[in-house]
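Chemist: Sequence first, then the predicted structure, then my questions.
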Amino acid sequence: MSDHTNREDFLNAIAEKAGRPRHQLKDHPFEPLNDLPETTLSGHSQDELETIAKKNSEGVHVTFKTTTKADLAAALNAYIEQDAPKTMILPTTDKYADFGLTEWTNNVSPKPMYWTPGKGRDFNLKQAAAADVAIGFADYLLAESGTITVATTPGQGRGFHFLPTHYLAIIKKSNILTRSRQAMDHYDADIKAGKLQTSNINFITGPSNSGDIEMTLVVGVHGPLDMTYLVVEDM
């Protein structure tokens, strides 16, 4: 028997035991209560979305910085110099060329470790956990909440974003979106077009916060101690 047949038999049995008819989605189409997912922050220019994203990112304890593609390498070097890491991890990705960072990766200090496809879960997690700094690429920045979104890929796994001590995400200004609905529309289109294969999509809203101890807010309790969003304005 097929999985579909097994599922239908199982659901029919539950409906019979409950003494109530089955509900079919085709007979009960989803009808949204409002159009807020589409209209919230709609009509804003990219400059306005960046201003909103900066305010809301800083509101969740993120350091928000901007640069240009030409100055991106220098901005990253300044960030590294500030934190003075002994160890650093970078993703394995073809995005370095897009951002003009190919030469930077060859000369950056300290010599980075890489989240490496094919090396196995334990190898990559150990490297990420040992890293003082992680510098990665975010897919989108959501202006409404100061959230970055990152699809898991073989070269930038889930642990890459949560295990290092300090974390910086590079984001194109053109990829600042209004809210989660718009991000999921993009992901849905890429998955259907075969451009993206992923096991999960991370929504990360700044470093973790906790007020459990005497109602005193502590930032960076779990995961990185701090987070920086570096927006490349001419991309």
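Modeler: Cool, got the structure.
Chemist: wait, isn't residue 142 in contact with residue 178?
Modeler: Yes. Proximity of residue 142 to residue 178 meets the contact threshold set by CB atoms under 8 Å, at 7.2 Å. All C-beta spots, glycine's among them, are computed from the backbone N, C-alpha and C.
Chemist: quick one: which of those two has more around it?
Modeler: Counted by other CB atoms under 10 Å, residue 142 and residue 178 do not tie: residue 142 has more neighbours, with 25 against 21.
Chemist: Bridged to the more buried one, which residues?
Modeler: Using DSSP bridges, the beta-bridge partners of residue 142 come out as residue 147, residue 177.
Chemist: So in the protein, which helix runs the longest?
Modeler: helix 3-18 (DSSP state H).
Chemist: Just give me how far that one sits from the chain centre.
Modeler: Centroid displacement of helix 3-18 relative to its chain, using CA atoms, centre = their mean, to the nearest Å, is 38 Å.
Chemist: and the helix or strand that that helix is followed by, what other elements does it pack with?
Modeler: Using DSSP states H and E, the helix or strand that follows helix 3-18 in sequence is helix 36-39. Here helix 36-39 touches no other helix or strand, going by 3 or more CB pairs under 8 Å, 6 or more residues apart in numbering; DSSP states H and E.
Chemist: Number the chain from 26, please
Modeler: All right, first residue 26 from here; so that's helix 61-64.
Chemist: gap between the nearest residue in space to residue 121 that is not next to it in sequence and residue 89?
Modeler: Of all residues not flanking residue 121 in the chain, residue 127 sits nearest, at 5.1 Å (CB to CB, 6 or more residues apart in numbering). Per CB to CB, to the nearest Å, residue 127 is found 26 Å from residue 89.
Chemist: any idea where the strands of this structure begin and end?
Modeler: With strands called from DSSP state E, the chain shows them at 87-92, 113-116, 138-140, 158-162, 165-167, 172-176, 191-197, 201-202, 226-229, 234-235, 243-244, 251-257.
Chemist: where are the low-confidence patches of this protein?
Modeler: For the chain, applying pLDDT under 70 flags the ranges 26-27, 233-248.
Chemist: distance of residue 134 from residue 230?
Modeler: 31 Å.
Chemist: Pick out whichever of these two has more residues nearby.
Modeler: Shown here are residue 134 and residue 230; by other CB under 10 Å, residue 230 has more neighbours (18 against 10).
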